[in-house]
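structure for the following, please:
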Amino acid sequence: MTAGMAYEGLNQAGHTEKDLIVILNDNEMSISANVGAFSSFISRKMSGKRFTNLKKRLENFLKSGSRAG
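Below is the predicted model of the structure:
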């Protein structure tokens, strides 16, 4: 999310009052350190208990499903 057009699109989508799914792909190829409110928000969400518990449960589910096949 480095280009202004991405933020403009999100801003415009917020005015439509419709549900929206945004998929963020972190390819870990940042040239410099991540800064800003959006980066801080995502970092907090991904390191929180709710997300880490969900991630562990999903990993366990996928591991158990792969053994059954």
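
any idea how far the host helix or strand of L54 is from the middle of the chain?
Assigned by DSSP states H and E, L54 belongs to helix 49-68. With Cα atoms, centre = their mean, to the nearest Å as the basis, helix 49-68 stands 17 Å off its chain's centre.

check contacts around S47.
With contacts taken as Cβ atoms under 8 Å, 6 or more residues apart in numbering, S47 has no neighbouring residues. Glycine gets a C-beta too; all of them are placed from N, C-alpha and C.

the one helix or strand M46 maps to vs helix 49-68, what angle?
Under the criterion of DSSP H and E, M46 resides in helix 37-47. Orientation check (axes from the mean of the first three to the mean of the last three Cα atoms, to 10 degrees): helix 37-47 against helix 49-68 gives 50 degrees.

any idea how far the residue sitting nearest the centre point of the chain is from I42?
Geometric centre of the chain, nearest residue: L24, 4.7 Å, by Cα atoms, centre = their mean. According to Cβ to Cβ, to the nearest Å, L24 and I42 sit 7 Å apart.

one step back: over to the residue nearest to the centre of the chain. Which of the three states is it?
Per DSSP: H, G, I helix; E, B strand; the rest coil, the local secondary structure of L24 is coil.

and D19, what element?
Per DSSP H and E, there is no helix or strand for D19.

going forward, the N-terminal residue is numbered 319.
Understood, numbering begins at 319; the last thing we discussed is D337.

quick one: pLDDT of it?
With respect to pLDDT, D337 scores 88.

can you check S348 too?
Predicted confidence (pLDDT) for S348: 72.

what residues are up against it?
S348 touches nothing, counting by Cβ under 8 Å, 6+ apart.

equivalent analysis for S361, please.
N352.

what about it, distance to K381?
26 Å.

list the buried ones in the helix holding L372?
Residues of helix 367-386 classed as buried: none (neighbour count, 16 or more other Cβ atoms under 10 Å).
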